[in-house]
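A.B. asks: Got a predicted structure here, sequence first:
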Amino acid sequence: MSPVSRRVLQAVLYEAIAIAVVGPALGFAFDQPKASTFGLAVVLSTIALAWNYVFNWIFELWEARQAVPGRSFARRLAHGAGFEGGLVVILVPVMSLWLGISPAAAFVANLALLVFFFVYAIAFTWAFDRVFGLPASAAKNPGAADA
């Protein structure tokens with residue numbers, strides 16, 4: 001699989017699952033109509049999809065220059081923290097405007113999403129790598145499986 005198609009597939013699968021989970025959770029948490037919170041989940045996921053592509057491209061450029069190949073737990077933690085940290089900065093203003101709440105309240109609301117997505121990002125990328133193999137930037141040998 002080419003690096004571009006791999007990143008696109010990874011991002012689309014990640015966001016499709018996220019919308020299915022986050023849309024109903026937002027409706028419940030904010031006691032708002034499901035159509036509104038589903039719409040918000042789609043907007044948030046669309047933004048996250050673009051960020052996912054850009055972040056993974058940057059991360060793989062960095063990763064390819066590392067002396068030790070592969071994706072250790074520490075590297076996966078760095079990946080999750082970098083992705084989610086950047087996403088919080090982008091999404092807080094969107095949530096604030098959509099829900100009509102202060103940026104501080106949107107930040108607090110985003111913390112629950114941050115916890116969910118931090119764990120989800122690590123688990124998803126591990127599972128994705130197990131199913132589709134490591135990208136060339138992380139493979140010990142081309143096509144090698146990750147531990």
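C.D. replies: Yep, it's here. Just so you know, these numbers come straight off a predicted model, no measurement behind them.
A.B. asks: Show me what the helix or strand hosting Val94 is packed up against.
C.D. replies: In this assignment (DSSP states H and E), Val94 forms part of helix 73-99. With contacts taken as 3 or more C-beta pairs under 8 Å, 6 or more residues apart in numbering; DSSP states H and E, helix 73-99 sits against helix 34-64, helix 103-132. Using the backbone N, CA and C atoms, a C-beta is placed for each residue, glycine as well.
A.B. asks: how about that helix: buried residues?
C.D. replies: 75-76, 79-80, 83-84, 87-88, 91-92, 95-96, 98-99 (16 or more other C-beta atoms under 10 Å).
A.B. asks: Same question for stretch 40-54.
C.D. replies: Neighbour counts using 16+ other C-beta under 10 Å place 40-41, 44-45, 48-49, 51-53 of stretch 40-54 among the buried residues.
A.B. asks: Ala106 contacts Ser96, doesn't it?
C.D. replies: Yes: using C-beta atoms under 8 Å, Ala106 is in contact with Ser96, at 3.8 Å.
A.B. asks: related to what we said a few turns ago, ok, of the buried residues of helix 73-99, which one's closest to Tyr14?
C.D. replies: Nearest to Tyr14 among these, counting by C-beta to C-beta, is Phe83 at 10.0 Å.
A.B. asks: does that closest one really touch Val54, like I thought?
C.D. replies: No: taking C-beta under 8 Å as the definition, Phe83 is not a contact partner of Val54, at 10.0 Å.
A.B. asks: Quick check: closest non-adjacent residue to the residue nearest the centre of the chain.
C.D. replies: Centroid-nearest residue in the chain: Ala121, 5.3 Å away (criterion: C-alpha atoms, centre = their mean). Take Ala121 and drop its neighbours on the chain: the residue closest to it by C-beta to C-beta, 6 or more residues apart in numbering is Gly80, 4.5 Å away.
A.B. asks: Any regions of the protein where pLDDT drops low?
C.D. replies: 141-147 (pLDDT under 70).
A.B. asks: again, 50 this time
C.D. replies: Within the chain, the ranges that satisfy pLDDT under 50 run 144-147.
A.B. asks: Show the contacting residues for the spatially closest residue to Val42 that is not a sequence neighbour.
C.D. replies: Leaving aside its sequence neighbours, Val42 sits nearest to Ile19 (C-beta to C-beta, 6+ apart; 6.2 Å). Residues near Ile19 by C-beta atoms under 8 Å, 6 or more residues apart in numbering: 38, 41-42, 45.
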